[in-house]
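1. Turn this into a model:
(one chain, ligands or ions: 1)
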Amino acid sequence: MKPDPHPGATPIDELVTANRILAREGVIDSFGHVSMRDPADPRRFLLSRSRAPQQVEPRDIMRFALDGSVVGDDAAKPYAERFIHAAIYERRPEVLSVVHTHSPSVVPFTVVSRRMRPIMHMCAPIGSDIPCWDIRHRFGDTNLLVTRLEIGHDLADALGERNVALMRGHGCVVTGRSLREAVFTAVYMEVNAAMLTQALALAEGPEDIVYLSEGEIEAISKGRSSFGIDRAWENWCLRANRPFFAQV
Ligand SMILES: [Zn+2]
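-> Purely as a prediction, here's the structure:
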């Protein structure tokens, strides 16, 4: 067989790149994680072992079932919060990637009554109806971590059919119909939170903010192609010192 003249990245390579991009763009630090549904088996997902995303390498990627259990005999230590991913993949068959972050500009919106909404066109994928899940409502005083499938299901219920949900005093979850889409939304959710905070500081009052309308969000979502995401991905690969592949 002739070698492929345009070899692409493997799914594991792409997942490593996603980890490095999210770290480089300041969306995740030593904590937070990104997963993808296993292209070879939709009842499995791929996620790094417990390691800072900037350090993740191909050999760190583990395979999990939709109850959060490790598939195979991989003895590495998994992330305690893998149940976030397991529960969302179980509830949402169309979701192919999940990002969990503690992104610094987003967290303040999890502890105030002001809702986060998109103010800039690139941020439309976060949607205008962003729930804020509070672990305390059902589980009382905890360490706020999603360390059991039952807690993951409660979070997945709050997320519903939306792309993103906030987690009170903790961070957020972001979903995508591809790995690149989830990363794109996670990056622009952080951008939107930072810009909205600046706009609120400039505003003459709490009502002096013009958010994207429902119609604008819909129009942007309909007109969106993978081109924009790939353009960002290529740039982010350069910044994260990772190879770029046009197609996966
Ligand atoms: Zn967390």
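
2. Break down this structure into its helices, ranges please.
-> When assigned using DSSP state H, the helices of the chain occupy the ranges 11-24, 82-91, 136-139, 149-159, 179-202, 214-223, 226-239.

3. Put the alpha carbons of the first one into PDB.
-> Included here for helix 11-24 are C-alpha records, laid out as PDB according to Å, rounded to 0.1, in the frame of the first residue of the first chain:
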ATOM      1  CA  PRO A  11      -7.800  11.100  17.400                       C
ATOM      2  CA  ILE A  12      -5.300  10.800  20.300                       C
ATOM      3  CA  ASP A  13      -3.000  13.300  18.800                       C
ATOM      4  CA  GLU A  14      -5.900  15.700  18.300                       C
ATOM      5  CA  LEU A  15      -6.900  15.200  22.000                       C
ATOM      6  CA  VAL A  16      -3.400  16.000  23.100                       C
ATOM      7  CA  THR A  17      -3.500  19.100  20.900                       C
ATOM      8  CA  ALA A  18      -6.800  20.100  22.500                       C
ATOM      9  CA  ASN A  19      -5.200  19.800  26.000                       C
ATOM     10  CA  ARG A  20      -2.200  22.000  25.000                       C
ATOM     11  CA  ILE A  21      -4.400  24.600  23.300                       C
ATOM     12  CA  LEU A  22      -6.800  25.000  26.300                       C
ATOM     13  CA  ALA A  23      -3.700  25.400  28.600                       C
ATOM     14  CA  ARG A  24      -2.000  27.900  26.200                       C
END
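
4. what's it packed up against?
-> strand 33-37, strand 44-48, strand 61-65, strand 97-101, helix 179-202, helix 226-239 (3 or more CB pairs under 8 Å, 6 or more residues apart in numbering; DSSP states H and E). (Glycine included, C-beta is placed from N, CA and C.)

5. Quick check: closest non-adjacent residue to V107.
-> G171 (6.1 Å; CB to CB, 6 or more residues apart in numbering).

6. how far away is the one you found from Q198?
-> 20 Å (CB to CB, to the nearest Å).

7. Compare these two (neighbour count), which wins?
-> When G171 and Q198 are compared on other CB atoms under 10 Å, the one with more neighbours turns out to be G171, at 24 against 12.

8. okay but that one is in contact with S105, surely?
-> No - in this structure G171 lies outside contact range of S105 using CB atoms under 8 Å: 11.1 Å.

9. Contacts made by stretch 74-94 with the rest, please.
-> Around stretch 74-94, the neighbours that count as contacts under CB atoms under 8 Å, 6 or more residues apart in numbering are 33, 35, 37, 42, 45, 47-50, 60, 62-68, 70, 95, 98, 100, 145-149, 151-153, 155-157, 159, 161, 173, 175, 177.

10. Name the residue closest to the centre of the protein, please.
-> Nearest to the mean C-alpha position of the chain, counting by CA atoms, centre = their mean, stands V99 at 2.4 Å.

11. Give me the distance between I119 and L212.
-> Using CB to CB, one obtains 7 Å as the distance from I119 to L212.

12. Those two: which is more packed in?
-> Taking neighbours as other CB under 10 Å, I119 and L212 compare with L212 leading, 21 against 17.

13. is it true that the more buried one touches I126?
-> No - in this structure, L212 sits apart from I126 without contact. The criterion is CB under 8 Å, and the distance is 9.7 Å.

14. Can you check which residues contact both of these two?
-> By CB under 8 Å, 6+ apart, the residues touching both L212 and I126 are P118.

15. E57 - how many residues pack around it?
-> A count of neighbours around E57, defined by other CB under 10 Å, yields 12.

16. Skipping its backbone neighbours, what lies nearest it in space?
-> Excluding its sequence neighbours, the residue lying closest to E57 (CB to CB, 6+ apart) is V16, at 6.4 Å.

17. Could you do M116 as well?
-> In space, and not counting its chain neighbours, M116 is closest to F109: 4.3 Å by CB to CB, 6+ apart.

18. and the one you found, what is it in contact with?
-> For F109, the set of contacting residues under the criterion of CB under 8 Å, 6+ apart consists of R115, M116, C132, L166, A193, L196.
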